[in-house]
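> this one's structure only:
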């Protein structure tokens, strides 16, 4: 495992410039030819937020203010990282198959593909983060010191889903059934992640702990604590421990998959 991790590290160091260029190229190609261009990266999240706001505030009438913040802002804070994570759960699993030409037609390290794919989506996330901060300001809530922990949650999110994309991408490249399984599970992950409810409000302590093994829960709750609840990341040590355990297990899975499958993938995809 150590040798595999070492090989992946050196591949990233050797191709660090290409990672940034490919991430920018992937982002440009995604929206090339569309009249609105990059605006489509913002339109989809906006529509999703409006639908959920309408459902809870108008339809179900449960959109009460939270900690003095309008329910809409509470939704925005939790959904902000979800838009990134949603793309990486399913898209990350299919990234190697999506860019199979890099693997089959040229000598290109497979481990690089999940990294630049994630980086291209991180650019969109940064744009949405800036818009979210401006939105909070429009409602009279100025940035404060608690937002200083957002880069930490972004790093946790980027690292985990890069590792996830390598693990899931390798397995999906070998088997389309795994990709279909991930696609089927994405909806369940959303509803069990605490994005539209506060996990800490669940009465059963063991269920709360179990849900915190879901990185989506940890990251989404972390963003909401920074924007809404005004709490620091170290105030919930259980979430940090659960996240580290899940990340470690996923990392070992990714290293195992890379070691076992990287030589087979060009033949399977070719």
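Yes, it's here. The shown structure was predicted, so the numbers you read here are calculated from the model rather than taken from an experiment.
> so who does residue 220 touch?
Going by CB atoms under 8 Å, 6 or more residues apart in numbering, residue 220 touches 78, 79, 81, 82, 85, 193, 194, 195. Yep, even glycine has a C-beta here, placed from its N, CA and C like the rest.
> check contacts around residue 189.
Taking CB under 8 Å, 6+ apart, one finds 89, 214, 216 in contact with residue 189.
> Which strand or helix spans it?
helix 176-191 (DSSP states H and E).
> how about that helix: buried residues?
Residues 178, 179, 182, 189, 190 are the ones in helix 176-191 that count as buried (16 or more other CB atoms under 10 Å).
> okay if I get those residues as a markdown table plus distance to residue 162?
Shown next, in a markdown table, are the buried residues of helix 176-191 (distance: CB to CB, whole Å):
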| residue | distance to residue 162 |
| --- | --- |
| 178 | 18 |
| 179 | 18 |
| 182 | 16 |
| 189 | 17 |
| 190 | 21 |
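> related to what we said a few turns ago, in helices, which of the contacts of residue 220 fall?
Those of the contacts of residue 220 mapping onto helices are 78, 79, 81, 82, 85, per DSSP state H.
> and of those, the nearest to residue 19?
residue 85 (20.3 Å; CB to CB).
> ok, the closest one touching residue 219?
Yes - at 6.7 Å, residue 85 counts as touching residue 219 under the criterion of CB atoms under 8 Å.
> Find residues that contact each of these two.
In contact with both residue 85 and residue 219: residue 157, using CB under 8 Å, 6+ apart.
> Relative to residue 240, which of the contacts of residue 189 is nearest.
Nearest to residue 240 among these, with distances taken as CB to CB, is residue 214, at 13.8 Å.
> give the contact list for residue 86.
Taking CB under 8 Å, 6+ apart as the criterion, residue 86 is in contact with 186, 190.
> can you check residue 125 too?
Here residue 125 is in contact with 80, 81, 83, 84, 154 (CB under 8 Å, 6+ apart).
> Spit out the contact partners of the third one.
Yep, that's residue 83 we're talking about. Residue 83 neighbours (CB under 8 Å, 6+ apart): 44, 45, 48, 124, 125, 128.
> how far away is the first one from residue 125?
In this structure, residue 44 lies at 13 Å from residue 125, with CB to CB, to the nearest Å as the measure.
> cool, and the second one?
With distances taken as CB to CB, residue 45 is found 10 Å from residue 125.
> where does residue 197 fall, phi/psi-wise?
phi -150, psi 160 (degrees, to the nearest 10).
> give the contact list for it.
Per CB under 8 Å, 6+ apart, neighbours of residue 197: none.
> do you know how far it is from residue 191?
The value you get for residue 197 to residue 191, if CB to CB is used, is 9 Å.
> on that earlier part again, using TSV, please lay out the contacts of residue 83 together with secondary structure, pLDDT and distance to residue 10.
Listed next are the contacts of residue 83 as TSV, based on DSSP: H, G, I helix; E, B strand; the rest coil; pLDDT from 0 to 100; distance: CB to CB, whole Å:
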residue	secondary structure	pLDDT	distance to residue 10
44	helix	74	37
45	helix	74	37
48	helix	74	40
124	helix	85	29
125	helix	90	28
128	helix	88	33
